[in-house]
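J.: quick one: sequence plus predicted model below, questions after.
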Amino acid sequence: WGLEASKGLRILGGWWGGAPLGGLPLRPLIHRVSLPGKCCEWLRCCGGGEPRPRTVWLGHPEKRDQRYPRNVINNQKYNFFTFLPGVLFNQFKYFFNLYFLLLACSQFVPEMRLGALYTYWVPLGFVLAVTVIREAVEETRCYVRDREVNCQAYSRLTARGQPPVFLFITQNQRVPADMIFLRTSEKNGSCFLRTDQLDGETDWKLRLPVACTQRLPTAADLLQIRSYVYAEEPNIDIHNFVGTFTREDSDPPISESLSIENTLWAGTVIASGTVVGVVLYTGRELRSVMNTSNPRSKIGLFDLEVNCLTKILFGALVVVSLVMVALQHFAGRWYLQIIRFLLLFSNIIPISLRVNLDMGKIVYSWVIRRDSKIPGTVVRSSTIPEQLGRISYLLTDKTGTLTQNEMVFKRLHLGTVAYSLDSMDEVQSHIFSVYTQQSQDPPAQKGPTLTTKVRRTMSSRVHEAVKAIALCHNVTPVYESNGVTDQAEAEKQYEDSCRVYQASSPDEVALVQWTESVGLTLVGRDQSSMQLRTPGDQILNFTILQIFPFTYESKRMGVIVRDESTGEITFYMKGADVVMAGIVQYNDWLEEECGNMAREGLRVLVVAKKSLAEEQYQDFEARYVQAKLSVHDRSLKVATVIESLEMEMELLCLTGVEDQLQADVRPTLETLRNAGIKVWMLTGDKLETATCTAKNAHLVTRNQDIHVFRLVTNRSEAHLELNAFRRKHDCALVISGDSLEVGAGTPPTGSSWECASLPALGRGGDGGNDVSMIQESDCGVGVEGKEGKQASLAADFSITQFKHLGRLLMVHGRNSYKRSAALSQFAVFSSVFYFASVPLYQGFLIIGYSTIYTMFPVFSLVLDKDVKSEVAMLYPELYKDLLKGRPLSYKTFLIWVLISIYQGSTIMYGALLLFESEFVHIVAISFTSLILTELLMVALTIQTWHWLMTVAELLSLACYIASLVFLHEFIDVYFIATLSFLWKVSVITLVSCLPLYVLKYLRRRFSPPSYSKLTS
């Protein structure tokens, strides 16, 4: 959809009517309207100029020069005009296909024509038709998916004579453009977003509307105020935003700072309430679009190898042609003779190979989708199924891919004492005793015993820690009707059975659920207050003065609250130990205990607090508001003000939560490792946590050494570290993002890597943040995990669980590669044409050999398998053999060339010797032997017979016998019916094939391949 402020808001969507809102109608949106006019000067048009900051005017009818780029989601590789040229270019840019195109075109030149045009153009046309139809189907599916998103309907708020830039977005509706959040219907004055399609995180994000617009009586009042939004230039940073909102018609003018909390990025989904926003960026300026790379057409390693072997065959063809011309002493127009010889021998490279390989890919994709043991698997790129059998390195996301992204609270550490799951009843008793003593308010005792002091001190410490955890978060309790209690009543009574926690992180929810389990329950929250319920059902009220949300740069979050009962102001903060260690007061246990908990695989947070005097807070607030209104270097100025409070804070406790592994992750990773696949695991956790998770998931064995790559600053230091790593045997590598950036590019900020080697080919992920990684890989596998479906939609293959990856590679990848390798061997076998057929077979015989006579038996190899799927899963070492490329290598290529030379010579010279007196029938003799030899060679290649293979062999033989009636122009039917012809052809065929069967038996007897030992 296109947006243009001067001519009304235009959005790709359906027609609908809206109920009046504040006396103004909700107008229907227009279906698919293109953007008229040209973009304004700030817009980056056709790659020229840099994008600039912009101002969106609200309530200024005279300022109508705002323009927005056309805002249509388009994931297609081609459009209507570029489809056919683009598909043909992608086909003919490789030598294999270009060779056949030039060969077919040469037949239009009379001096080069060797036969009927259809013998060249029909096979080529069939190959191109299959490719074009396949691409058209995939493009159509992509178009339908895009259209489904583009045609979503949205309501707008508009008035005559004013630019209609306000959109209403309801719960569970996708945000169509980058917007500023102005109003919400939620009572707490905030809303939650689901951002899994943008950043890959399933946790909900809290968003706050602009304060002065939220205070307006109705949404219609947005049309009556005069204001403007100043925003930074479009950029790719989805975690930060700088802008201001200024209302000009108030006295004095109100100016509010805008940050990431006031934005609604395109692609996110409203999780609660109905919101009103003003459109800020569209089209190619969307954050989501700027973070997405264009999909590329992937060519598998197997296809590149076939292309290379084709070049070798062509080179041999050129050499033979030169030799033939040299034997004639380059007489006459020798250059034309070279071209004619090239055309004469051209069938050494048969086009049937391209047909068989393309049709085989379709069959492999169909088999993968139909596999009941990996349900829900989707093949989105049917051109590279063989690539699944060649994966050497796997780069995988951790959260949501290897783990379930479900957090469980495991440990509370106070320095001198730690509480695990089996001792949480002690924490509960401490909380209960604190609030029981407060309610009873006993008189002071004279000379209390030492035990009473220790007990009271420990209870107080536990209480302070639990209260800090219960207050320092961004969790909001939401009450839903359960069929017995309605929503309003449940919210009023704080019904436990109706309460659901919404938060921007599963860690946050796990912590708040734990505080509820020990007696301190979060029962209410809005933009300015929180309510906690004690074990005695007393409600504690806290006013939220300031919230400092978590960012990837700060690695911490904080909140300043005022206790309504005492008036005390407290600053609570929690974050990663690497940043909190410099904030809290000196202690001698923080670093050690954080390391211990991380080695257990726990995600550790450090919790601290600081009491503030009223004057101290007022001074801070003034400086903080001033810093937030700054447009230039706002983040730096705000961070400086906050850091003035982050000093000498009191360390309260450490918390440890665990992310559960997905089902069967351990055996799957062990299978991949035994298959010779090197695995990288990407995580934002601490190095200790990454190492522990890797061991827990069996990414590395328990006894395997781990080399921690020290922090390096230049490439020479990186080389020294790599040399130290190479000297170790069977060792895993742990490397931080900073060190990896020095030697291998720029990884995600603040990440650590757990890996077993350096390069990566196959990649797997489940969230929107994994899309670029998947698109750049040689073979991308998306997991439909809890971090959304964006990664699976962008991937070449999509699976529902990580454990399905093992079968996808070990069974389907292995079979696809071995079957295609067997199919491609017959390209070399067709060089028999040079010795037996080129000068003899014309017209239909050439096409018949490549199609109805041999195509079905050869193509039936797509059903072949050397071992059962259960054996392939049980012995992943079989996959390791494929990594060396032995099924299709220069060695096997040479072997099949020698076989073809032997069999071609046998057929030709056998026919000359046995039919010397009947040489006029040489075509019938050699062609019949050729067909029988090919059928027997297919049978020799087959490892496991399928009933369709038998049918294909018999059907092809029957087709040849039946077609003899129509081939009287080439073959004498009465001659081939003689007994002499039959036994002599049988002898020629046996001489050409029997030695190969003997060699196959001897090889399996004395040097059997690895899989043959398991077939029994």
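T.: Alright, I've got the coordinates.
J.: any idea where the helices of the stretch 601-750 of the chain begin and end?
T.: Using DSSP state H, counting those that start in this stretch, the helices of the stretch 601-750 of the chain run over 614-628, 634-643, 665-674, 687-696, 715-726, 737-744.
J.: reformat the ones you listed as CSV; add distance to residue 237, mean neighbour count and mean pLDDT.
T.: All C-beta atoms are positioned from the backbone trio N, CA, C, and that covers glycine. Converted to CSV, the helices of the stretch 601-750 of the chain look like this (distance: least, CB to CB, whole Å; neighbours: other CB atoms under 10 Å; pLDDT from 0 to 100):
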stretch, distance to residue 237, mean neighbour count, mean pLDDT
helix 614-628, 18, 14, 91
helix 634-643, 11, 16, 87
helix 665-674, 33, 20, 89
helix 687-696, 25, 22, 75
helix 715-726, 28, 14, 86
helix 737-744, 17, 17, 75
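J.: among those helices, which is nearest residue 513?
T.: With CB to CB, the closest approach to residue 513 among the helices of the stretch 601-750 of the chain belongs to helix 687-696: 21.2 Å.
J.: send the alpha carbons of that closest one over as CSV?
T.: Coordinates of each C-alpha in helix 687-696 appear next as CSV, following Å, rounded to 0.1, in the frame of the first residue of the first chain:
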residue,chain,number,x,y,z
LEU,A,687,31.0,-17.9,28.1
GLU,A,688,30.5,-20.1,31.1
THR,A,689,26.8,-20.5,30.4
ALA,A,690,27.6,-21.2,26.7
THR,A,691,30.1,-23.9,27.7
CYS,A,692,27.7,-25.5,30.1
THR,A,693,24.8,-25.5,27.7
ALA,A,694,27.1,-27.0,25.0
LYS,A,695,28.0,-29.9,27.4
ASN,A,696,24.5,-30.3,28.6
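J.: what helices and strands are in contact with that helix?
T.: helix 590-599, strand 678-683, strand 731-736, strand 752-755 (3 or more CB pairs under 8 Å, 6 or more residues apart in numbering; DSSP states H and E).
J.: quick check: angle from it to strand 678-683?
T.: Put simply, helix 687-696 runs at 130 degrees to strand 678-683, going by axes from the mean of the first three to the mean of the last three CA atoms, to 10 degrees.
J.: what are the contacting residues of helix 687-696?
T.: The contact list for helix 687-696 (CB atoms under 8 Å, 6 or more residues apart in numbering) reads 398, 402-403, 595, 598-604, 659, 661, 681, 683, 685, 699-702, 706, 708, 732, 734, 736, 752-754.
J.: try 7 Å this time
T.: Contacts of helix 687-696 with the rest of the structure, by CB atoms under 7 Å, 6 or more residues apart in numbering, involve 398, 595, 598-601, 603, 661, 681, 683, 700, 702, 706, 708, 734, 736, 752, 754.
J.: could you flag which of these are buried?
T.: Among the contacts of helix 687-696, those scoring as buried are 398, 598, 601, 603, 661, 681, 683, 700, 708, 734, 736, 752, 754 (criterion: 16 or more other CB atoms under 10 Å).
J.: so can I have CSV of those showing distance to residue 928 and pLDDT?
T.: Shown next, in CSV, are the buried ones among the contacts of helix 687-696 (distance: CB to CB, whole Å; pLDDT from 0 to 100):
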residue, distance to residue 928, pLDDT
398, 62, 77
598, 75, 80
601, 70, 76
603, 73, 84
661, 62, 82
681, 60, 86
683, 65, 77
700, 61, 80
708, 70, 84
734, 66, 87
736, 69, 80
752, 68, 39
754, 62, 42
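J.: of these, closest to residue 825?
T.: With CB to CB as the yardstick, the closest approach to residue 825 among those comes from residue 681, at 38.0 Å.
J.: I figured the closest one hits residue 401, correct?
T.: No - with contact defined as CB atoms under 7 Å, residue 681 does not count as touching residue 401 (9.0 Å).
J.: would you tell me which helix is longest in this protein?
T.: Secondary structure of the chain per DSSP state H: the longest helix is helix 118-150.
J.: pLDDT on whichever helix or strand comes after that one, on average?
T.: Toward the C-terminus, helix 118-150 is succeeded by strand 155-157 as the next helix or strand (DSSP states H and E). Along strand 155-157, the predicted local confidence has a mean pLDDT of 84.
J.: equivalent analysis for stretch 965-981, please.
T.: Mean pLDDT, computed over stretch 965-981, is 70.
J.: now the end-to-end length of it.
T.: 17 Å (CA to CA, to the nearest Å).
J.: got it, and stretch 175-191?
T.: Criterion CA to CA; first-to-last residue distance in stretch 175-191 is 13 Å.
J.: and that stretch, what's buried?
T.: Of the residues in stretch 175-191, 175-184, 186, 188-191 count as buried by neighbour count, 16+ other CB under 10 Å.
J.: what of stretch 425-441?
T.: With burial defined by 16+ other CB under 10 Å, the residues of stretch 425-441 counted as buried are 427-435.
J.: can you give me the neighbour number for residue 328?
T.: Using other CB atoms under 10 Å, the number of residues around residue 328 comes to 10.
J.: oh sorry, the question was meant for residue 372
T.: A count of nearby residues for residue 372, using other CB under 10 Å, gives 5.
J.: what do you get for residue 863?
T.: Applying other CB under 10 Å, we find 18 residues neighbouring residue 863.
J.: next, the closest residue to it other than its chain neighbours: phi, psi?
T.: In space, and not counting its chain neighbours, residue 863 is closest to residue 946: 4.4 Å by CB to CB, 6 or more residues apart in numbering. Main-chain torsions, residue 946, degrees, to the nearest 10: phi -120, psi 150.
J.: then residue 193?
T.: Taking degrees, to the nearest 10 as the convention, residue 193 sits at phi -120, psi 140.
J.: against residue 206, how distant is it?
T.: 8 Å (CB to CB, to the nearest Å).
J.: next: residue 979.
T.: Distance from residue 979 to residue 206, by CB to CB: 91 Å.
J.: more crowded one of these two?
T.: The neighbour count for residue 979 versus residue 206, taken as other CB under 10 Å, is higher for residue 206 (20 against 7).
J.: quick check, pLDDT for the more buried one.
T.: According to the model's per-residue confidence, residue 206 sits at a pLDDT of 82.
J.: next up, the contacts around it.
T.: With contacts defined as CB under 7 Å, 6+ apart, the neighbours of residue 206 are 190, 192, 474, 504.
J.: just the buried members of the residues you listed?
T.: Burial of these was assessed by neighbour count (16+ other CB under 10 Å); the buried members are 190, 192, 474, 504.
J.: in helices only, show me the residues you listed.
T.: Filtering these for membership in helices, criterion DSSP H, returns an empty set.
J.: ok, these vs residue 548, which is closest?
T.: Minimum separation from residue 548 among the buried ones among the contacts of residue 206 (CB to CB) is found for residue 474, which lies at 10.4 Å.
J.: so what's the closest residue to the closest one other than its chain neighbours bridging to?
T.: Here the nearest residue to residue 474 in space, its sequence neighbours aside, is residue 206; by CB to CB, 6+ apart that works out to 5.0 Å. Note on residue 206: beta-bridge partners by DSSP bridges are residue 192.
J.: so how far is residue 470 from residue 206?
T.: The value you get for residue 206 to residue 470, if CB to CB is used, is 17 Å.
J.: go on, residue 726?
T.: When distances are taken as CB to CB, residue 726 and residue 470 turn out to be 50 Å apart.
J.: same question, residue 290
T.: If you measure residue 290 against residue 470 using CB to CB, the figure is 39 Å.
J.: repeat that for residue 258.
T.: 30 Å.
J.: those two: who's more crowded?
T.: Between residue 258 and residue 470, counted using other CB under 10 Å, the more crowded position is residue 470 (25 against 22).
J.: those strands in the stretch 751-900 of the chain, which residues are they?
T.: For the stretch 751-900 of the chain, strands defined by DSSP state E, counting those that start in this stretch occupy the ranges 752-755, 762-765, 779-783, 797-799.
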